[in-house]
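Q: sequence first, predicted model second:
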Amino acid sequence: MNPFFHVRDCFSRALGRKKTLIAFLALFLVGFVLGMVFITTPAIYDYHLTVCDRFVNRVCFSDRSVLEIFFERALGHGLLLILAAAAGVHPVACVFPPIVIGYRAYTFGGSLYIFFSVYRVSGAFIVLALYLPIHLLVDAVLCCAGVLSFFRAPHFGFGKGDWLALVADFLCLFAVVLAIGLAEMLLLLALFHPLGNIF
């Protein structure tokens, strides 16, 4: 069977749930704005500064191989995807996707402030060339996973067919996450890392 058909079907079902998708997008926007607003709080500022320093030092200008970075970040995004997708087993678990999306939006807003105010020109380059597009693409996948979970949870019957459908959706979305990670790896090689850092 064509795997691209399954990926397209997965996203088309998520995009078909427009009200839920709009709610997730609104949550992301609110989280983003709150992250920008509360960045001046000392503890929150220090937290976001640490996050940005870690991204710059461990991802952008690291001596580690890009393959190591790829697997590390794919694992992290995969764990978030598991939370968002597994919420489809029960309505109570649907609290997880909004938490994941809200947290990522909040740190996204604060981190953008840090990149532009602390790192200035180099920060703007990192944001525009790498951080912004990759972050938003992963957020889009997580939003789709959350939408599918909200639709699945009320009807999940714990039968074999339900589990297979959930796993199939997860694998499709995780494949997209891996493709995003691959694009990030290529951008790191092209813009930040020497070719010797592949392995």
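A: Yes, it's here.
Q: for Phe158, phi and psi?
A: Backbone torsions of Phe158, given as degrees, to the nearest 10, read phi 60, psi 20.
Q: count of residues packed around the spatially closest residue to it that is not a sequence neighbour?
A: Nearest non-adjacent residue to Phe158, counting by Cβ to Cβ, 6 or more residues apart in numbering: Val89, 7.5 Å away. (Glycine included, C-beta is placed from N, CA and C.) Val89: 17 surrounding residues under other Cβ atoms under 10 Å.
Q: ok, now Gly88?
A: 26.
Q: and what of Leu189?
A: Leu189: 14 surrounding residues under other Cβ under 10 Å.
Q: wait, isn't the residue nearest to Phe158 in contact with Leu166?
A: Yes: at 7.2 Å, Val89 and Leu166 qualify as touching, with contact defined as Cβ atoms under 8 Å.
Q: got any ranges where this protein has weak pLDDT?
A: 1-3, 194-199 (pLDDT under 70).
Q: what residue is smack in the middle of this structure?
A: Val138 (3.2 Å; Cα atoms, centre = their mean).
Q: name the helix or strand for that one, please.
A: Assigned by DSSP states H and E, Val138 falls within helix 132-152.
Q: packing partners of the helix or strand just after that helix?
A: Elements were assigned by DSSP H and E; along the chain past helix 132-152, the next helix or strand is helix 160-191. Using 3 or more Cβ pairs under 8 Å, 6 or more residues apart in numbering; DSSP states H and E as the contact test, the elements touching helix 160-191 are helix 3-16, helix 66-86, helix 132-152.
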